[in-house]
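K.L.:
Attaching a predicted model along with its sequence, questions to come.
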Amino acid sequence: MLINYLKYCYRQAVISLSRNRWLALVSASMIAVSLAILGGFLLAAVNANQAMQNIQSNLEIVVFLEEGAEISTLERKIEQLEGIVHCTFVDKHTGLQEFGRSLGDEALLAELAGEHNPLPDIFRVRAREGELVPLLAGQIEQFPGVEAVDYGRELVQTITGISRWLYWISVCISALLAVGAIFLVGTTIRLSVVIRQEEIGIMKYLGASDWFIRLPFLLEGLTIGWTGTLAAVVALGLAYYQFAALLLEKSPLFFLQPVTSPGMLAAIFGGLLLLGTAMGGLGSVFSIRRFLRV
Amino acid sequence: MPSLIDLFSVSKVYKSGGPPAISCVNLHVEQGEFIFLVGPSGAGKTTLIKLISREELPTSGRILFLNNDTAAYKPPELLRHRRLMGMVFQDFRLLKSKTIYENVALALEVTGRPPQEIKAKVPAVLARVGLAGKEEAFPSELSGGEQQRAGIARAIVRDPLLILADEPTGNVDPETARGLMELFEEINRGGTTVIIATHAWDLVERMKKRVIALDKGRIIKDERQGSFNHAH
């Protein structure tokens, strides 16, 4: 009985969709556009996040030491911190040589050598994960004998800020588009309800249950949502595939590597499919509640 | 015969302060009866049919259907109530976009009957009402009488206990009307209770069935083997 009922509902939904195919197409396109934009921003956000992690994991914490600091004690304390993978001591003379080589100025190097060396002794510290860098830097800074630490705080903050902005812009634009799409699906369903008003009345006389009357409309909305989202996911997937392939091949910067984790991409695309289908369903429910009196 | 419908002091007022469409009506209908509701326009015939079909609720009084108070129905009971009766309308109310077969099949589809049963029952009931071979026709391709026969087929395809018909011959010529009444009579002989609201006085006169005459919402005459003339 349930299967017969579902078959009937599905048939009615298909008939109704073919009758209102242009409006249904516009609604599905609206959902497709809004979800393609949301999906695009989401992909941009996860890629920006990955880029930030790449940068952070390559960041070095430079620990500047006070004059007379106990090197071996400090080195042991730093190495005992959770998340440290590497800690190298660079004395002020080696540091000056490195500095001189980077400048390529032998005269300046000779002038600053010996007692006039202004550079302090340093540790170069690497963390296991980029995310740990700010925390570890903060802990090391508290150790006695440490004058200052540096790890490119400003760069990390800038990328974090951009990431956050991207996220909120995508949420706002997508929310606006989603409301428009839900409204359009609602209008499509409302039109279906109006067209089928007589049929609904007759079905009531014939003893059709409320859900027997409502379900075809709900299926119609879900189909619109699902179709629109599927189009968006396919288009976005193809575009991202091209983009990722290009970036993997010709990335100009070490940290610009695309997210290719199947789990992450499946979560984004699967989530979009669910969201779009739910938007279609929500539009129908809204119209059914408002315009379908059974 | 067991009781099918009982009305106890039933009144219906549509507009507060306005005249009652039905006023203090008492009525007892047994299973298997054939009843004509007669009376001038505005007498309350259609309201009475709507109250029995539970499309409307009474303003006061009680309506029992198979000894159940129709006002106290929960949704599943209301569905069962509607599925126990078949409705026939003056304007046929067939869906123009569906074939005659699909129109009749809809009555079975809404109750979730299996396709095999629908395929077997619909042609049989169309043959019974004289529409064999018209399965694939659309309502607009049929005469008024044929459309009403399709409406009757839809009403009886579920073997209901009761047929409620509101002016079923109002849109057809006298010859066709006679044929439709014979069809109702044949359905009634099978045990189905039939209640028909009509202005077709000549048919009422000829058929010698129970006649309930209404005027200004009140029953003014209730006669076994009555006639339209007596009612006026």
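P.N.:
Okay, I see it.
K.L.:
Now do the SS call for the residue nearest to the spatial centre of chain B.
P.N.:
Residue closest to the mean C-alpha point of chain B, counted by CA atoms, centre = their mean, is residue B:164 at 1.2 Å. Following DSSP: H, G, I helix; E, B strand; the rest coil, residue B:164 is assigned to strand.
K.L.:
Model confidence score at it, please.
P.N.:
According to the prediction, residue B:164 has pLDDT 96.
K.L.:
Output the below-cut-off pLDDT ranges for chain B.
P.N.:
Within chain B, the ranges that satisfy pLDDT under 70 run B:226-232.
K.L.:
which residues sit against the longest helix along chain B?
P.N.:
Longest helix of chain B, by residue count under DSSP state H: helix B:174-189. The contact list for helix B:174-189, computed with CB atoms under 8 Å, 6 or more residues apart in numbering or on different chains, reads B:32, B:34, B:129-130, B:143-145, B:148-149, B:152, B:156, B:163, B:165, B:168-169, B:172, B:194, B:196, B:200, B:202-203, B:207. Just so you know, the C-beta spots here come from the backbone N, C-alpha and C atoms, and that holds for glycine as well.
K.L.:
Render the CA-only coordinates of it in PDB, please.
P.N.:
The C-alpha atoms that make up helix B:174-189 are tabulated as PDB, following Å, rounded to 0.1, in the frame of the first residue of the first chain:
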ATOM      1  CA  PRO B 174     -34.800  14.500 -19.500                       C
ATOM      2  CA  GLU B 175     -34.200  11.300 -21.400                       C
ATOM      3  CA  THR B 176     -30.600  11.100 -20.000                       C
ATOM      4  CA  ALA B 177     -31.900  12.000 -16.500                       C
ATOM      5  CA  ARG B 178     -34.300   9.000 -16.600                       C
ATOM      6  CA  GLY B 179     -31.400   6.700 -17.600                       C
ATOM      7  CA  LEU B 180     -29.300   8.100 -14.700                       C
ATOM      8  CA  MET B 181     -32.100   7.500 -12.200                       C
ATOM      9  CA  GLU B 182     -32.400   3.900 -13.400                       C
ATOM     10  CA  LEU B 183     -28.700   3.600 -12.800                       C
ATOM     11  CA  PHE B 184     -29.100   4.900  -9.200                       C
ATOM     12  CA  GLU B 185     -32.000   2.500  -8.700                       C
ATOM     13  CA  GLU B 186     -29.900  -0.400  -9.900                       C
ATOM     14  CA  ILE B 187     -27.100   0.600  -7.500                       C
ATOM     15  CA  ASN B 188     -29.600   0.800  -4.700                       C
ATOM     16  CA  ARG B 189     -30.900  -2.700  -5.500                       C
END
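K.L.:
In three-state terms, label residue B:9 for me.
P.N.:
strand.
K.L.:
My guess is it contacts residue B:26. True?
P.N.:
Yes - the pair residue B:9 / residue B:26 is scored as a contact, 6.3 Å apart, by CB atoms under 8 Å.
K.L.:
returning to that earlier point: who is the residue nearest to the centre of chain B paired with across the strands?
P.N.:
Counting by DSSP bridges, residue B:164 forms beta bridges with residue B:87, residue B:195.
K.L.:
thinking it is in contact with residue B:86, fair?
P.N.:
Yes - counting by CB under 8 Å, residue B:164 touches residue B:86, with 7.4 Å between them.
K.L.:
Quick one: residues contacting residue B:12.
P.N.:
B:20, B:21, B:22, B:44, B:47, B:51, B:56, B:58, B:59, B:217.
K.L.:
For it, give me the backbone phi and psi.
P.N.:
Backbone torsions for residue B:12, taken as degrees, to the nearest 10, come to phi -140, psi 120.
K.L.:
measure residue A:235 to residue A:27 for me?
P.N.:
17 Å (CB to CB, to the nearest Å).
K.L.:
for residue A:251, that is, sorry about that
P.N.:
Remark: distance between residue A:251 and residue A:27 (CB to CB) = 39 Å.
K.L.:
Of those two, which one has the most company?
P.N.:
More crowded of residue A:251 and residue A:27, by other CB atoms under 10 Å in any protein chain shown: residue A:27, with 30 against 12.
K.L.:
Surely residue A:123 forms part of a helix?
P.N.:
No - Residue A:123 is assigned strand when assessed by three-state DSSP, not a helix.
K.L.:
beta partners of it?
P.N.:
residue A:63, residue A:89.
K.L.:
contacting residues around it?
P.N.:
Contacts of residue A:123 by CB under 8 Å, 6+ apart are A:61, A:62, A:63, A:65, A:74, A:75, A:78, A:87, A:88, A:89, A:90.
K.L.:
For chain B, see how far away it is.
P.N.:
Distance from residue A:123 to chain B, counting by CB to the nearest CB, to the nearest Å: 76 Å.
K.L.:
so how far is residue A:103 from that residue?
P.N.:
Distance of residue A:123 to residue A:103, computed by CB to CB: 22 Å.
K.L.:
check contacts around residue A:225.
P.N.:
Residues in contact with residue A:225 (CB under 8 Å, 6+ apart) are A:28, A:31, A:185, A:276, A:277, A:278, A:279, A:280, A:281, A:283.
K.L.:
In which helix or strand does it reside?
P.N.:
helix A:210-250 (DSSP states H and E).
K.L.:
Also residue A:79?
P.N.:
helix A:71-80.
K.L.:
Same question for residue A:193.
P.N.:
Using DSSP H and E, the element containing residue A:193 is helix A:153-195.
K.L.:
Following element in sequence after that helix, please.
P.N.:
helix A:197-205.
K.L.:
That following helix and chain B in contact?
P.N.:
Yes - using CB under 8 Å from any CB of the partner chain, helix A:197-205 comes into contact with chain B via A:198, A:199, A:201, A:202, A:203, A:204, A:205.
K.L.:
number of nearby residues for residue B:99?
P.N.:
Residue B:99 has 18 nearby residues by other CB under 10 Å.
K.L.:
now the strands for chain B?
P.N.:
B:3-12, B:22-30, B:34-38, B:60-65, B:68-69, B:85-89, B:162-166, B:193-197, B:210-215, B:218-223 (DSSP state E).
K.L.:
Turn those into a markdown table, including distance to residue A:39.
P.N.:
Listed next are the strands of chain B as a markdown table, based on distance: least, CB to CB, whole Å:
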| stretch | distance to residue A:39 |
| --- | --- |
| strand B:3-12 | 58 |
| strand B:22-30 | 61 |
| strand B:34-38 | 64 |
| strand B:60-65 | 56 |
| strand B:68-69 | 56 |
| strand B:85-89 | 51 |
| strand B:162-166 | 56 |
| strand B:193-197 | 61 |
| strand B:210-215 | 66 |
| strand B:218-223 | 69 |
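K.L.:
for those strands, which one sits closest to residue A:211?
P.N.:
Among the strands of chain B, strand B:85-89 comes nearest to residue A:211, with 21.2 Å by CB to CB.
K.L.:
which residues are contacting that closest one?
P.N.:
By CB under 8 Å, 6+ apart, the surrounding residues in contact with strand B:85-89 are A:205, B:53, B:107, B:148, B:151-152, B:154-158, B:160-168.
K.L.:
and stretch A:211-223, C-alpha only, in CSV?
P.N.:
Only the C-alpha atoms of stretch A:211-223 are listed here, as CSV (Å, rounded to 0.1, in the frame of the first residue of the first chain):
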residue,chain,number,x,y,z
TRP,A,211,-0.4,13.6,3.6
PHE,A,212,-1.7,11.9,0.4
ILE,A,213,-2.5,15.4,-0.9
ARG,A,214,0.6,17.1,0.5
LEU,A,215,3.4,14.6,-0.3
PRO,A,216,3.5,15.2,-4.1
PHE,A,217,4.1,18.9,-3.4
LEU,A,218,6.8,18.1,-1.0
LEU,A,219,8.4,15.7,-3.5
GLU,A,220,8.2,18.4,-6.1
GLY,A,221,10.1,20.9,-3.9
LEU,A,222,12.7,18.3,-2.9
THR,A,223,13.2,17.4,-6.6
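K.L.:
Excluding chain neighbours, what is closest to residue 47?
P.N.:
Looking at chain A here, since you left the chain open. residue A:259 (5.4 Å; CB to CB, 6 or more residues apart in numbering or on different chains).
K.L.:
wrong one, I was asking about chain B
P.N.:
residue B:21 (4.1 Å).
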